[in-house]
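Student: No sequence on hand, only this structure:
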């Protein structure tokens, strides 16, 4: 793995507004990298600084070993798929895809046509070359935008919320197709998205951004299982939070958790440099369970009362109240054969495990 | 029923005077009144040989053509800035730019006359008329071009740059073709406005009158009234043709950009 893009100490100001705060980031060759965050977190700004549409106020953007300061977008080895796709409506699909080849004097007309054919085939639009671009559907526009960017064989493909305009089914289909495409062409993809599920599904690594800074940079599993703070834990998936008090730090960390009592957790379940004192503990809803009648467990249990039931078909989400905790615990249960759906107000037993706790600063 | 009567009365009120123009332009008699005395094309042939009129028409065409180009160029700049960029006091500035649209022309005319003669110490010429016409036509151009630019995806130029084009060639290859119908439409409307504008031209014209000013001069001679009618007929015909072309182009532009027609000037 060699580094293709590196950002060092990048800051961006719009007047008084600090849009990017001290971004340090390395993206490898062939990587599927995602910038994930709520709207206004600076992820699109960061993508645009890599594309060359925005300059940086401070810091260095290196691309393929070259400093990109002062290099405009049309001179960078990056291509972008815009959120709106920005398909040129006055051109045909083929002319759109061929647009970037205008400057390629080394290619004759036949070579260009062949390249357009190849690019359209790659995105599943073989034979669409003569269609008018403004008559395409949303999914087809996106494919044209992809073909138009990939035909130039960029080192990096930048994708700005490319799936947000599609309906759910189409989005899931395109997620898989984009992953397959990325593996096929081997180009570094940088995806901007606010959809955490999309980022988890597609990426090799994800940078979660809040208010212009990177909150955590990790692979999807680490990000989900070991969020480094409450912001990340809240943003990625669902998480229950309980007040906690770290009692002692060592090979095992001793922590008193509201409602659950004294727990022993591994050092890897806690952020580096955790100290004795007030902290919080996060628990994912699917790592908790409800003990139905006739089931047994060798894990810890605690009594609770069902406060809310949300039935999803394959899953049921319960909010369960336990003693000593003001917030209810959210618990996700698969609706396996023989399992009843509990009613609000029923007494129940909650199963939990100290191994699933995430200690948060 | 009463609504239908109202609609018909309204249309008669709007168009009856204009319908009178061609009727009397072809009427064989110098007195403008019914009954008609016979068909003639005499007035049109007189138009053909009146030298002073030709000069006036030439002046007007020259002024209208330059006005059309200048107000459209200014309109493109303003509409593009308004559609693509955010800047401080944007609404206020764009509002001020549109103000001449509602300013009484007599005020524009008088104040420009004062500025040109008193302060700049320049003589009156076709160029003073052009300056004033650009002033009143630019808001119309902006209004038309706003529609064209607002429908444009701002990412479009960026996409072209991303694909290797410079800022200018991105504008030329992508934005310009997409707003071209708006540009032509703006030029045609500015041309039409300038061509028949009277008040400002009357105040600011130099030794060579524009066509409307010349027509006004003709009215002092009752005998030449039918010639004015004939000229008016030609002008109405020309205006209708130009405005129709402008509207067709505007609609075609909307269709090409793949957007719904949200109404326009016409």
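Tutor: The structure has been received and is ready for your questions. The structure presented is a predicted model; accordingly, all values stated were derived computationally and were not measured. Numbers count the residues shown, from 1 in each chain, chains lettered A, B, ... in the order given.

Student: after the longest helix along chain B, next one along is what?
Tutor: For chain B, the longest helix by residue count, based on DSSP state H, is helix B:51-84. Using DSSP states H and E, the next helix or strand after helix B:51-84 towards the C-terminus is helix B:90-98.

Student: Report the buried residues of that next one.
Tutor: Residues B:97-98 are the ones in helix B:90-98 that count as buried (16 or more other Cβ atoms under 10 Å in any protein chain shown). Using the backbone N, CA and C atoms, a C-beta is placed for each residue, glycine as well.

Student: ok, residues contacting it?
Tutor: For helix B:90-98, contacts defined as Cβ atoms under 8 Å, 6 or more residues apart in numbering or on different chains pick out B:78, B:82, B:87, B:138-139, B:142-143.

Student: ok, stretch A:118-128 near chain B or not?
Tutor: No - judged by Cβ under 8 Å from any Cβ of the partner chain, stretch A:118-128 and chain B are separated, with a smallest distance of 12.6 Å.

Student: now the end-to-end length of that stretch.
Tutor: Start-to-end span of stretch A:118-128 (Cα to Cα, to the nearest Å) is 12 Å.

Student: try stretch A:349-361
Tutor: Stretch A:349-361 has an end-to-end distance of 29 Å (Cα to Cα).

Student: could you give the angle of the longest helix of chain B to helix B:90-98?
Tutor: Between the axes of helix B:51-84 and helix B:90-98, defined by axes from the mean of the first three to the mean of the last three Cα atoms, to 10 degrees, the angle is 180 degrees.

Student: what's helix B:51-84 packed up against?
Tutor: helix B:90-98, helix B:126-150, helix B:176-195, helix B:211-218 (3 or more Cβ pairs under 8 Å, 6 or more residues apart in numbering or on different chains; DSSP states H and E).

Student: Mean pLDDT added to the ones you listed, as CSV?
Tutor: Below are the helices and strands packed on helix B:51-84 laid out as CSV (pLDDT from 0 to 100):
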stretch, mean pLDDT
helix B:90-98, 81
helix B:126-150, 88
helix B:176-195, 87
helix B:211-218, 85
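
Student: just to revisit the earlier point, which among the contacts of helix B:90-98 count as buried?
Tutor: B:78, B:82, B:138-139, B:142-143.

Student: wait, which of those is closest to residue A:319?
Tutor: Residue A:319 lies nearest to residue B:82 out of the buried ones among the contacts of helix B:90-98, by Cβ to Cβ, at 50.4 Å.

Student: List the residues that contact the closest one.
Tutor: Residue B:82 is in contact with B:90, B:94, B:142, B:146, B:149, counting by Cβ under 8 Å, 6+ apart.

Student: Confirm that residue A:274 sits in a helix.
Tutor: No - under the criterion used here (DSSP: H, G, I helix; E, B strand; the rest coil), residue A:274 is coil, not part of a helix.

Student: what's the neighbour count on it?
Tutor: Residue A:274 has 18 neighbours, counted by other Cβ atoms under 10 Å in any protein chain shown.

Student: looking at it, it is touching residue A:254, isn't it?
Tutor: No - contact criterion Cβ atoms under 8 Å: residue A:274 and residue A:254 do not qualify, at 11.3 Å.

Student: Alright, calling it a day.
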